[in-house]
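Novice: Turn this into a structure:
(one chain, ligands or ions: 2)
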Amino acid sequence: MKLAMIGTGYVGLVSGVCFADFGFHVTCVDKNPSIIDRLKAGKATIYEPGLDELMARNIRDGRLEFTTDLAASVADADVIFIAVGTPSRRGDGEADLQYIEAAADEIAAAMKPGAVVVIKSTVVVGTNARIRDRIAAARPGVPFSMVSNPEFLREGSAIEDFLRPDRVVVGVEDERGKAAMQRVYRPLYLRETPLVITTLENAELIKYAANAFLAMKVTFINEVADLCEKTGGNVQEVARAIGMDKRIGSKFLHAGPGFGGSCFPKDTRAFAATGKRYGARQTLIEQVIEVNEARKQAMAERIVSAARESSTDTVAILGIAFKPNTDDIRESPALDIVPAVQKAGLTVRAHDPEAMEAAKAALPGVVWCNSAYEAATGAGVVALLTEWNAYRALDLKRLASLMNGNVLIDLRNVYKGEDLEGTGLDYRGVGRSL
Ligand code: NAD
Ligand code: UGA
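Specialist: Ligands and ions are numbered 1, 2, ... in the order given. Now for the predicted structure:
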């Protein structure tokens, strides 16, 4: 069975490599030649733990290929996945489906009869049916099946998430589509991963409802953290104990600087826009978007007022990526926080283990440093924004000795009381005091 993966970004590359590892022949297609050139040279285009090894093995064994030639890859593919981006449309927050439509048009022109076309990208309800009709109109009389197969992997643990998901969701309309999905996911199926087989519309709704709920959970605990700060509470203890209730669950209850990334922000906006469009307002999610935006500004103000108290003009920022183990900076809270701090007249020195290259163009005026210690040198305030492992065991005495001031703002609650002993640091966590 031959698979084609259209769009070789985070989802396309990880899914393509993992399907190749399941034993299928996969051709990953991207219209960006620099991505394909790099991949052909055996170099991963994203930072993702475990990806390099898996990629190398499957290229070596001849199961994984890369090309810019969509038509050729689709012509003999049994299953064609669409994994192109669905960014926010400017103005109204709706998902911009132009890349899906363009890919579908190219697929329609080149696919063989009986092909299964699968949308893996996150698309709003109704999109799969619309794309099905678009392809059918372009190739009248040619049989094909439409499948919706949203992806739930997280960046930073993408390979692990793809290989060990809580469930796989597939929206199907016919036996051919269903059988193809049962076949491509058979290795997971054998490991007893539930395969949820549903309609196209339900699969689309499940994906958005899942991301919206998780974003709401993070936003909830962030507001609880604010209340903990005002009342002497400890948000970590509150989160741990409420999470023990299986109806609530322990995950996604870490307070922080607000959610970011390439998905929660755009998907909550698209979900809210869809609700408005259908006259079924998602008012909780509308509120989540607003609260999250305000939180990023509040975190920036926290850093600025600490700098004012310390009479310093220099702040160190540790972590630019929206989460650890990725070089992705899309809608990272740092992209709001750093400019707000600079706007207050402060100099920002920053470090990130993987995301600095990506961040340089997005954050002008920042002094980029080779380590956390270099960033802290001469700074009156150090703010930890991303919980990279490299920042979990910093030598805080050394850090303090390099600073020109002593405030450590830990927006990820990485450090504990004992870590601070003898450092002289004025430690400020989120939703707790030590
Ligand atoms: P991305 O921007 O990293 O990659 C998309 C790729 O598609 C780009 O490299 C682009 O050049 C390519 N492309 C666009 N149009 C094309 C065409 N016609 N032919 C060939 N290539 C084309 O995007 P991503 O982060 O991988 O996200 C893809 C989709 O998956 C989105 O809908 C997103 O919401 C969803 N998703 C993403 C994640 C994640 O962690 N990033 C997780 C789950 C779902
Ligand atoms: C998220 C979902 O977790 C995936 O299931 C989904 O497939 C993906 O979006 C998508 O649709 O693209 P991702 O954005 O990679 O994955 O990362 P998350 O781990 O969900 O983190 C998102 C944001 O929430 C980050 O900024 C993170 O720091 C923040 N977060 C998460 C918290 O602040 N606290 C938490 O407890 C969890």
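Novice: For I285, which residues are in contact?
Specialist: Contacts for I285 (CB atoms under 8 Å, 6 or more residues apart in numbering) come out as A212, A215, M216, T268, F271, A272, G275. Where you see a C-beta, it was placed from the backbone N, CA and C, and this is true even at glycine.
Novice: Select from the residues you listed the one having the most neighbours.
Specialist: Comparing the contacts of I285 on neighbour count, F271 comes out first with 28 neighbours (neighbours: other CB atoms under 10 Å).
Novice: pLDDT at it, what is it?
Specialist: F271 is assigned a predicted lDDT (pLDDT) of 98.
Novice: how about stretch 320-336, does it reach ligand 1?
Specialist: No. Remark: stretch 320-336 sits outside contact range of ligand 1, by CB under 6 Å from any ligand atom, the gap being at least 7.1 Å.
Novice: likewise stretch 157-165?
Specialist: No. Figure legend: stretch 157-165 not in contact with ligand 1 (CB under 6 Å from any ligand atom); closest approach 6.5 Å.
Novice: in that stretch, what counts as buried?
Specialist: Using 16 or more other CB atoms under 10 Å as the burial criterion, the residues of stretch 157-165 that qualify are S157, A158, I159, D161, F162, L163, P165.
Novice: In helices, which of these appear?
Specialist: Cross-referencing the buried residues of stretch 157-165 against helices under DSSP state H gives A158, I159, D161, F162, L163.
Novice: how about the nearest residue to the third one, chain neighbours excluded?
Specialist: Right, D161. Leaving aside its chain neighbours, D161 sits nearest to L153 (3.9 Å; criterion: CB to CB, 6 or more residues apart in numbering).
Novice: Could you do the fourth one as well?
Specialist: The spatially closest residue to F162, leaving aside those adjacent along the chain, is C18, at 4.6 Å (CB to CB, 6+ apart).
Novice: Mind checking what helix or strand follows the helix or strand containing that neighbour in sequence?
Specialist: When secondary structure is defined by DSSP states H and E, C18 falls within helix 10-21. Toward the C-terminus, helix 10-21 is succeeded by strand 25-29 as the next helix or strand (DSSP H and E).
Novice: residues of the helix or strand following that following strand that come out buried?
Specialist: Once the chain leaves strand 25-29, the next helix or strand it forms, by DSSP H and E, is helix 33-40. Within helix 33-40, the residues that qualify as buried are I35, I36, L39, counting by 16+ other CB under 10 Å.
Novice: and ligand 1, which of those residues reach it?
Specialist: I35.
Novice: And the buried residues of helix 33-40, which is closest to V341?
Specialist: I35 (33.0 Å; CB to CB).
Novice: pLDDT at the residue nearest to that closest one when sequence neighbours are not counted, what is it?
Specialist: Distances taken as CB to CB, 6+ apart place T45 nearest to I35, at 5.2 Å, with adjacent residues excluded. As summarised for this prediction, T45 has a pLDDT of 95.
Novice: show me where pLDDT drops low in the chain?
Specialist: Screening the chain residue by residue with the criterion pLDDT under 70, one finds no matching range.
Novice: Noted, bye for now.
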